[in-house]
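K.L.:
turn this into a structure:
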Amino acid sequence: MNILVTGANGQLGNETQAVAKNSKDHYIFTDVCEGYRPLDITNIDDVRAVVKDEHIECIINCAAWTNVDKAETAGDIVETLNAKAPENLAVVMKEAGGLLVHISTDYVFGGELYNTPCKEDRKGTPTGVYGLTKLHGEQRIQAVGADYIILRTAWLYSEFGQNFLKTMLNLTAAKPRLKVVFDQCGTPTYAGDLAAAIFHIVENRLYRGHNGIYHYSNEGVCSWYDFAKQIATLAGNTDCRVEPCHSDEFPSPVKRPAYSVLDKTKIKETFGIDIPYWTDSLLKCMKNMNAVK
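P.N.:
Modelled structure (predicted):
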């Protein structure tokens, strides 16, 4: 099978390149930056041309606008990238009789207070432009009628790009004291684990007959404070005092979900996926980065 990956230079795109080395399928990695086959997913004709030329049967869409704060003032480009572009991919895959695997987010939730893990059928109540446009992307894909797997994930980190893990490694190494919010709870997700889950579903053709939305994050629950503490401990940055604080101590253009833990029952039962606990995956990633003391 010929598989097209968009956003190949991002965290998930890079991890997908790693797992694809063991594939019997043929992967084509695209992005808008140097080093990759160029593809503008906001232009449906560009997408059609690549799909036709390369006989693409599956698209894994890792591309998105992900800057949550800047999304509030960036204008139409956020809706274009997070909603219209996924619709383009779904339309072309429907025309080709192929599959679209699309990555969404826990930020489609957050407008209601709850303390139980979010299931896939819980109504989306986004609190900002990023979450709203990602929800629109889900809805547009579903409306097209192509074969699709939508995977909502959360708190993504990896060895690649900029992310919370790398920020905390730098800050806890340099500062004697650091405040991190403890009133936002979710689950850190190692992009390598998410890439492996997608690989398992696609490589083994498990998606057949299973269109739908699924949740994938690592197992467990923590706050950003807990996440930061664990990073500092594993890195040996014990000279930095990491302290809990409230979200209102760090004003933001958008209100983030206070609790966005994802229920993974559906993806585990449907595809037979074993999901690692978040601290185990964090240790694995940091070892890959040679960041563990």
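K.L.:
residue 90 - nearest residue in space that isn't next to it in sequence?
P.N.:
Nearest residue to residue 90, sequence neighbours excluded (CB to CB, 6 or more residues apart in numbering): residue 144, at 4.0 Å. All C-beta atoms are positioned from the backbone trio N, CA, C, and that covers glycine.
K.L.:
correct me, but residue 114 touches residue 259?
P.N.:
Yes: using CB atoms under 8 Å, residue 114 is in contact with residue 259, at 6.3 Å.
K.L.:
which one of the two has more residues nearby?
P.N.:
Neighbour totals were compared for residue 114 and residue 259, and residue 259 leads with 20 against 15 (other CB atoms under 10 Å).
K.L.:
pLDDT weak spots in the stretch 51-200 of the chain?
P.N.:
For the stretch 51-200 of the chain, applying pLDDT under 70 flags no range at all.
K.L.:
quick one, helices of it?
P.N.:
76-79, 85-96, 129-144, 164-174, 191-203 (DSSP state H, counting those that start in this stretch).
K.L.:
closest to residue 54 out of those helices?
P.N.:
For the helices of the stretch 51-200 of the chain, the distance to residue 54 is smallest for helix 85-96, at 10.6 Å, taking CB to CB.
K.L.:
do you know the pLDDT at residue 241?
P.N.:
According to the prediction, residue 241 has pLDDT 97.
K.L.:
distance of the closest residue to it other than its chain neighbours relative to residue 171?
P.N.:
Leaving aside its sequence neighbours, residue 241 sits nearest to residue 177 (CB to CB, 6+ apart; 4.8 Å). Separation of residue 177 from residue 171 (CB to CB, to the nearest Å) stands at 10 Å.
K.L.:
counting neighbours, what do you get for the residue nearest to residue 90?
P.N.:
Neighbours of residue 144 (other CB under 10 Å): 18.
K.L.:
so who does residue 277 touch?
P.N.:
The contact partners of residue 277, by CB atoms under 8 Å, 6 or more residues apart in numbering, come to 218-220.
K.L.:
what about residue 24, how many residues nearby?
P.N.:
6.
K.L.:
hmm, back to that, dump the helices of the stretch 51-200 of the chain to JSON lines, plus distance to residue 36.
P.N.:
Formatted as JSON lines, the helices of the stretch 51-200 of the chain follow (distance: least, CB to CB, whole Å):
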{"stretch": "helix 76-79", "distance to residue 36": "20"}
{"stretch": "helix 85-96", "distance to residue 36": "16"}
{"stretch": "helix 129-144", "distance to residue 36": "22"}
{"stretch": "helix 164-174", "distance to residue 36": "22"}
{"stretch": "helix 191-203", "distance to residue 36": "17"}
